[in-house]
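1. quick one: sequence and predicted model below, then my questions.
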Amino acid sequence: MRFFLAILLGKLIIKLTRLLKIGGGSAAPGLYALNIEPDLVEKLSRKIPKNIVITGTNGKTTTARMIAHFAKQQDLKIIRNHTGSNLERGIASSLIHNSSFMIHDSKFDLGIWELDEAAFNTVAPKLKPDVIIFLNVFRDQMDRYGEVDNVVKKWCDTLKNLAKNTVVLVNGDDINTKKLQGFFGGKVKTFGVKDYKIIGESIQRLKEKEELDFEAENVKLNGLKGSNFSSIINHQSLIINLPLPGIYHIYDFIAAFAAGLNLGLNPEKMSLSIKTFSPAFGRMEKLDFGYIFLIKNPAGATQVFETIAPQLKPEDRLLVALNDNLADGTDVSWIWDAEFELLSRLPVRGPTALRLICSGKRAYDLAIRLKYAGFDPGTIQVEQDIKNALKQAKNGLKGSLFVLPTYTAMLELQDILAKSGIKKNYWEET
Amino acid sequence: MKLVIGYLYGDLMNIYGDTGNIIALKKRAQWRGIEIEIKVKSLKSKIKKGEIDLFFFGGGQDQQQEVVASDLQSSGKGKIIKQEIERGVPLLSICGGYQLLGDYYKPHKGPKLPGIGLFPAYTLASYNRMIGNIVIETQFGKLVGFENHSGKTHLRKEALPFGMVLKGFGNNGEDKTEGCIYKNAIGCYMHGSLLPKNPKLADWLLKKALEVKYHKEIELEPLDDSLESQAHDSTIKKFS
């Protein structure tokens, strides 16, 4: 009875939030339903034949989206938690939305679930996943997750108690995820990029002999257009053209690819279909006036800077938006660990200096970060209101506008763009 | 003029935003034509008397903190740091670094981690995490930062607090004190990063370092701090 009540309430909230246009209903329905039936996720996910869980600091949404893309291309029906809502309530919401009261069999073939670093420990055991991906672990929102060592220690404890028939895929280039191998009784496989290693907060080139189970090699980066590389599967070399820029996206791909293979997907079809993949909202998104890249922690932000810095031209503009809401992390100290210095390679003074607009609730914190990164304070404009900042940044723009928002600043942007008809609401995206 | 900044255990103790303090010191010196050298002093390195003009000591993860606590004792670096502070060398320590410069840190389990006893204070582990923006009143005016600690530091009666809490928790969330100051050495719980948004404090550290090194009174050339002031004022307004 509780079970049905929980679903009924959840469905009602979904209807209401959409009717009143107060959001996509990606968290609240699950939150309230879980209050009525705490085992909701366990009971609903049990009906789905295969489940896959993705965790780590950076790349969860993109990886989940890639697996979904591969699976759909091969005619599997998938269910997943959308829009980066990666706590238990997000998963419950998605399950409720797609559940029916009567049918006992699932209408889905595969559940794809991204879980944040902390939620993994409580939710993964409930989902009883067939495959788990550990992408990486970096410093992120220390006010919420605590220290990196702590995150890894809790993962180890969770893994010890998971069923041995689970396949665990770990990033073999990240020393922290690699050490999870020793804590799981079942099968563990490694993925990574040949001659690259994650050292501390950055990805670096490093020759080494170690073999990984799934590896991208002969990597060629093609600026903002993406990259190409090869991967040897069943003694056969596949060429992959990835339409997303930066080394970090290759990790997302190879993880998704490894998961697909474990689920029995066809490797040739996967490597071909990636060409038509479009990134998740705000993750390296191409718009008519430029690009949006989500920045949310030192490692992720530095990777974005590395990717865009060589592409910046004097006529381009940068709009960086820093919020300090709960979902962004309330501590903005992290901006001092992100290498904003990488962006100051172009002239930072004089008439050809790159124009900079700092926005968001902590726009002034950003402004001094950029000043200390080498930009002339005269070229730094502060406009806390994101809507106004975007308007000013686009006004008279001759080159491209690179927008770098934190999570909730990105949601604001999405909303602004949706209202002006440029983008769909994020919950309408598939 | 030239200053050497000693970044104590910079490879192990550099939790969120500590680097921002080093960047602020370096830039504010360079903008005035003062040369800066940064030396990371970690497990294998020695510190010679007179080698370092300004110390910085950041926060660390629990495991690192244990290693560093024992190295401070066994390598003799703790003793040298104390002697240098006695002759007026300035120091800024934050969070974990601050705790290790007190008498001791008592974790939930296991023995006390000894500190070097520079600050007359001790820290006890607690189960409530003190997280959030913090504003304090000090001799440098109001300062703003972000604290994130579960250790509660208690000052002994001869200790001088660095400031009084206007918003936030401070040393222990109970007595309204935040941090400790002894001679030109400061310990506190303020990340943020602290110095970029509080340039008066950054300049005081630079001034003291130069005065001790060059044995004369120093007036630092003023800088255009309009952006820093706006960041400082708007954050304080937002959180008090």
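-> Perfect, thanks for sending it.
2. how close does A:I7 sit to chain B?
-> Distance of A:I7 to chain B, given as Cβ to the nearest Cβ, to the nearest Å: 35 Å. Where you see a C-beta, it was placed from the backbone N, CA and C, and this is true even at glycine.
3. hang on, that residue packs against A:N98?
-> No - counting by Cβ atoms under 8 Å, A:I7 sits too far from A:N98 to count as a contact (10.7 Å).
4. so the two - more neighbours on which side?
-> A:I7 (24 against 16; other Cβ atoms under 10 Å in any protein chain shown).
5. nearest residue to the more buried one in space, please, no chain neighbours.
-> A:I96 (5.5 Å; Cβ to Cβ, 6 or more residues apart in numbering or on different chains).
6. dihedrals phi and psi, the one you found?
-> Backbone torsions for A:I96, taken as degrees, to the nearest 10, come to phi -60, psi -50.
7. tally up the residues packed near it, please.
-> 26.
8. just list what the helix or strand hosting A:T62 packs against, helices and strands only.
-> Element membership for A:T62, per DSSP states H and E: helix A:60-73. Applying 3 or more Cβ pairs under 8 Å, 6 or more residues apart in numbering or on different chains; DSSP states H and E, one finds that helix A:60-73 contacts strand A:50-55, strand A:78-80, strand A:110-114, helix A:247-262, helix A:267-273.
9. closest one to B:D18 among those?
-> Nearest to B:D18, of all the helices and strands packed on helix A:60-73, is helix A:247-262, at 24.5 Å by Cβ to Cβ.
10. tell me the angle of that closest one relative to strand A:50-55?
-> 160 degrees (axes from the mean of the first three to the mean of the last three Cα atoms, to 10 degrees).
11. between helix A:247-262 and strand A:110-114, how many degrees?
-> Using the same axes, to 10 degrees: helix A:247-262 against strand A:110-114 is 150 degrees.
12. next one: B:K41 from A:G56, what distance?
-> 34 Å (Cβ to Cβ, to the nearest Å).
13. which one's more surrounded, those two?
-> Taking neighbours as other Cβ under 10 Å, B:K41 and A:G56 compare with A:G56 leading, 29 against 22.
14. state the distance from the residue nearest to the spatial centre of chain B to B:N148.
-> Among the residues of chain B, B:S93 comes closest to the average C-alpha position under Cα atoms, centre = their mean, at 2.1 Å. Plainly put, B:S93 is 15 Å away from B:N148 if you go by Cβ to Cβ.
15. show me which residues of chain B are close to chain A?
-> B:15-20, B:23-24, B:27, B:61-63, B:131-133, B:146, B:148, B:191-193, B:196-197, B:224, B:226-228, B:230-231, B:234-235, B:238 (Cβ under 8 Å from any Cβ of the partner chain).
16. hang on, isn't A:R89 packed against A:N35?
-> No - A:R89 is not in contact with A:N35 according to Cβ under 8 Å; the separation is 9.9 Å.
17. quick one, which of those two is more surrounded?
-> Neighbours were counted for A:R89 and for A:N35 using other Cβ under 10 Å; A:R89 has more, 24 against 12.
18. residues contacting that one?
-> A:27-28, A:30-31, A:34 (Cβ atoms under 8 Å, 6 or more residues apart in numbering or on different chains).
19. let's see it at 6 Å
-> A:27, A:30-31 (Cβ atoms under 6 Å, 6 or more residues apart in numbering or on different chains).
20. quick one: it is in a strand?
-> No - applying DSSP: H, G, I helix; E, B strand; the rest coil, one finds A:R89 to be helix, outside a strand.
21. which residue is the nearest non-sequential neighbour of A:N241?
-> A:N228 is the one closest to A:N241 (Cβ to Cβ, 6+ apart), at 4.9 Å.
22. in which helix or strand does that neighbour reside?
-> strand A:227-233.
23. what pairs with that strand, and is each one parallel or antiparallel?
-> Sheet pairing here is set by DSSP bridges, and for strand A:227-233 it gives strand A:214-221 (antiparallel), strand A:236-242 (antiparallel).
24. next, count neighbours for the residue in the stretch 1-150 of chain A positioned nearest to chain B.
-> Nearest residue of the stretch 1-150 of chain A to chain B, counting by Cβ to the nearest Cβ: A:E147, 4.3 Å away. By the measure other Cβ under 10 Å, the count of residues near A:E147 is 18.
25. repeat that for A:I239.
-> Neighbours around A:I239, by other Cβ under 10 Å: 11.
26. hmm, it is touching A:S230, no?
-> Yes - using Cβ atoms under 6 Å, A:I239 is in contact with A:S230, at 5.3 Å.
27. which residues touch the strand holding A:N228?
-> By Cβ under 6 Å, 6+ apart, strand A:227-233 touches A:216-221, A:237-242, A:267.
28. quick one, which of the residues you listed are buried?
-> A:216, A:219, A:221, A:238, A:240, A:242, A:267 (16 or more other Cβ atoms under 10 Å in any protein chain shown).
29. and the fifth one, what does it touch?
-> By Cβ under 6 Å, 6+ apart, A:I240 lies in contact with A:229, A:271.
30. same thing with the fourth one?
-> With contacts defined as Cβ under 6 Å, 6+ apart, A:L238 is in contact with A:231, A:271.
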